[in-house]
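Engineer: next come a sequence and a model predicted from it.
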Amino acid sequence: MLATGPGTVLGPGAVLGIDRVMVNMAAGAVLPRIDPIRGVTMLHRKLDRFRLEQRPVWVYLLDQQRWIERALVVEIEGDLVTLRYDDEDGDERHSWEESVRLASIGAVSTRLASVSRSADADDLPTTGDCPEAERLGSS
């Protein structure tokens, strides 16, 4: 039984739209938030931005319970994301290209910055390394 009034119970297989989140009552699944204008998820937009910037990402796959490290997002087509990454196995290095569904991605991380702890302070670039003409306050 499908009812439209508030406070009514929906029967099996009914689909209800709540705040742009679709809930399938039969499966009990909640689908990702959809942008009403572009029809894509927030995750889709974030991955597309990383693809355009060619930034390496760390992706956690829910269904396989593993991380893909330092991957480049190569392509996004529909709900399929193609990732390219390198992996080392002993003395061998492998290059992989893997396609995963958006729904199987649990988390995406990207590195903002990195600084070597082992570098001496003298090795780090400072304003003293800047040409005289480019220094602030120089005429």
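Structural biologist: In hand now; what should we look at? Residues are numbered from 1 along each chain as shown.

Engineer: low-confidence ranges in the chain?
Structural biologist: Judged by pLDDT under 70, the chain has its weakly predicted residues at 1-40, 119-129, 137-139.

Engineer: can you give me the strands for this structure?
Structural biologist: In the chain, the segments counted as strands under DSSP state E are 15-18, 21-24, 29-30, 57-61, 66-77, 80-89, 92-101, 105-110.

Engineer: now the ones you listed in JSON lines, with distance to Arg117?
Structural biologist: (Each C-beta comes from the backbone N, C-alpha and C, glycine too.) Written out in JSON lines, the entries for the strands of the chain read as follows (distance: least, C-beta to C-beta, whole Å):
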{"stretch": "strand 15-18", "distance to Arg117": "48"}
{"stretch": "strand 21-24", "distance to Arg117": "44"}
{"stretch": "strand 29-30", "distance to Arg117": "42"}
{"stretch": "strand 57-61", "distance to Arg117": "20"}
{"stretch": "strand 66-77", "distance to Arg117": "19"}
{"stretch": "strand 80-89", "distance to Arg117": "22"}
{"stretch": "strand 92-101", "distance to Arg117": "25"}
{"stretch": "strand 105-110", "distance to Arg117": "20"}
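
Engineer: tell me the most buried of the ones you listed?
Structural biologist: The highest average neighbour count among the strands of the chain, using mean count of other C-beta atoms under 10 Å, belongs to strand 57-61 at a mean of 19.

Engineer: go ahead and name everything in contact with that strand.
Structural biologist: Contacts made with strand 57-61 from outside it, assessed by C-beta atoms under 8 Å, 6 or more residues apart in numbering, are listed as 47, 50, 66-73, 83, 100, 104-110.

Engineer: again, 10 Å this time
Structural biologist: Around strand 57-61, the neighbours that count as contacts under C-beta atoms under 10 Å, 6 or more residues apart in numbering are 46-47, 50-51, 66-73, 81, 83, 85, 98, 100-101, 104-111.
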